[in-house]
Every structure is written in structure tokens, then in C-alpha cells.
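In: need a structure here:
(one chain, ligands or ions: 1)
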Amino acid sequence: MARMRVVDRDGKEHEIEAKPGLKVMEILRELDYGVSAICGGLCSCATCHIYIDEAWIDRLPKKQSDEQELLNELTDYREKTSRLSCQVEFTAELDNLKVTIAPDG
Ligand code: FES
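Out: Numbering: from 1, shown residues only. Modelled structure (predicted):
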């Protein structure tokens, strides 16, 4: 089992087990402090918004246009490191990936 480091909305870092092959969203929505992911991964709600730690951003697959379009609508909280966690597959190569849960809204 690989691991992920997750910073919650209070700034507290948690180290969790993460199963390769799942979307990062599927891992995060199981946590009390995780994402709500209300569209279930259809890239239409943006409630799975996270920030990828700078050190990891270039190691992830590039965004597709539908993810970028939805991120473009998040004018208040969008950062260079923003991703929709339902569009990012967690792989064994991402062991120890660090992400931060974005603010609601
Ligand atoms: S879960 Fe809705 S956009 Fe990711």
C-alpha cells in the first residue's frame, strides 16, 4: 500500500494509506476532512478541488481540457497547483504524494 500526505482545511497534515489505481478523489472522499465530490467524478462539480504540492506538480499527468475549463470557473480559490482530484489517478509512482484540500466554495 502506498501513502499520501493530506493537509486538511485547518492546515493539519495527515499521512494516510492510498491504493494505487484509484482516483485521488476516491481516496480523499473517504476521509472526514476530505472532499465531498458530489458529481462522483464526472468533472462537473469541482467539489474535489485540491492543491498539489509544488514538488509533485510536474509528476502528474497533464490536465485535460474539461478539467481546465472547470478550474477556470473557480476564480476565488484557483492556484497554479490546482487540480480536480477526480481527474488524477493515484499510482505507485506517486507514493508519498502531498496534497492540500482546497477551501469550500
Ligand atoms: S468529483 Fe465532481 S468534478 Fe471531481
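In: Export the lengthiest helix in the chain to PDB, keeping only CA atoms.
Out: If each helix of the chain is counted by residues according to DSSP state H, the longest one is helix 65-72. Only the C-alpha atoms of helix 65-72 are listed here, as PDB (Å, rounded to 0.1, in the frame of the first residue of the first chain):
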ATOM      1  CA  SER A  65      -9.500  20.500 -21.400                       C
ATOM      2  CA  ASP A  66     -12.600  19.700 -19.400                       C
ATOM      3  CA  GLU A  67     -10.700  19.800 -16.100                       C
ATOM      4  CA  GLN A  68      -9.100  23.100 -17.100                       C
ATOM      5  CA  GLU A  69     -12.400  24.600 -18.100                       C
ATOM      6  CA  LEU A  70     -14.000  23.800 -14.700                       C
ATOM      7  CA  LEU A  71     -10.900  25.000 -12.800                       C
ATOM      8  CA  ASN A  72     -11.200  28.300 -14.800                       C
END
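In: Tell me the buried residues in stretch 84-99?
Out: The neighbour-count check on stretch 84-99 (16 or more other CB atoms under 10 Å) flags L84, S85, C86, Q87, V88, F90, T91, L94, L97, K98, V99 as buried. The way it works is simple: take the backbone N, C-alpha and C, and place the C-beta from them, glycine included.
In: Ok, stretch 38-51 next?
Out: Within stretch 38-51, the residues scored as buried using 16+ other CB under 10 Å are C39, G41, C45, A46, T47, C48, H49, I50, Y51.
In: Kindly report the same for stretch 62-69.
Out: Applying a neighbour-count criterion of 16+ other CB under 10 Å, one finds K63, E67 buried in stretch 62-69.
In: Quick one: residues in contact with it.
Out: If you take CB atoms under 8 Å, 6 or more residues apart in numbering as the criterion, stretch 62-69 is touched by C43, L71, R83, L84, Q87.
In: Name the residues of this structure found near the ligand, please.
Out: Contacts of the chain with the ligand, taken as CB under 6 Å from any ligand atom, map to 25, 37, 39, 41-48, 84, 86.
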